[in-house]
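J.: sequence and predicted model, in that order:
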Amino acid sequence: TQSKVRVFSEAAGTSNYAYPNPNPAYMETTPKRKPFVAGNWKMNPGSLSSAESLANLVKVSANALKRDRGDLPQINIGVAPPLAFIPTVKEILRDTDVLVGAQDLHWESKGAFTGGISAEQLKSIGADFVLCGHSERRSVFKESDADIAKKVKAALNQKLDVVLCVGETLEEYKNGLVD
């Protein structure tokens, strides 16, 4: 299957996704897109046992939704736990339709990038998707559009779906600082 790019406007809290080209003319000719709802856990929870509890809650909720609503397959649901918890969360959610993603990656496949993780490494631990371009990565870590483009390319090359975060910070949105 071909990897997808999901475009998420952080402040507006909306998302869509394109296959695999986010060009509007291309999107008009594609099959109906499925909404994507995901929770970015950021640096929470603080322990593996808490992550297991949270993942089990997600599992119970996902199974209840599937049981009670026959249209759940019309929605993609995902979680992006901290990197250290991805394998455990993936295992807990294995019998659900919930996707498990990573919060970031490095565009290089290997090298001296302390703390970095490659798309290939993410794929090997079971990640289904990766967030790229989150406003916190842009503002706190000063990641540029060029950096983010390299990350997107690296992820797609490894057949990881991408949630491409675009737009302004919540503060900019609330203060009307960006058109």
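T.: Perfect, I can see it now. Remember, predicted model here, so these are calculated numbers, not experimental data.
J.: quick one: mean pLDDT over stretch 107-122.
T.: For stretch 107-122, the mean pLDDT works out to 97.
J.: buried residues in it?
T.: 107, 117-119, 121-122 (16 or more other Cβ atoms under 10 Å). Bear in mind the C-beta positions are built from the backbone N, C-alpha and C, glycine included.
J.: quick check, pLDDT for residue 78.
T.: You'll see residue 78 listed with a pLDDT of 97.
J.: quick check: it is in a strand.
T.: Yes - looking at residue 78 with DSSP: H, G, I helix; E, B strand; the rest coil, it is inside a strand.
J.: distance of the closest residue to residue 119 other than its chain neighbours relative to residue 177?
T.: Using Cβ to Cβ, 6 or more residues apart in numbering and skipping residues adjacent in sequence, the residue nearest residue 119 is residue 158, 3.8 Å away. The spacing between residue 158 and residue 177, counted by Cβ to Cβ, to the nearest Å, is 36 Å.
J.: who's more crowded, those two?
T.: Counted by other Cβ atoms under 10 Å, residue 158 and residue 177 do not tie: residue 158 has more neighbours, with 19 against 10.
J.: can you list the weak-confidence ranges in the protein?
T.: Within the chain, the stretches with pLDDT under 70 are 1-31, 71-73, 179.
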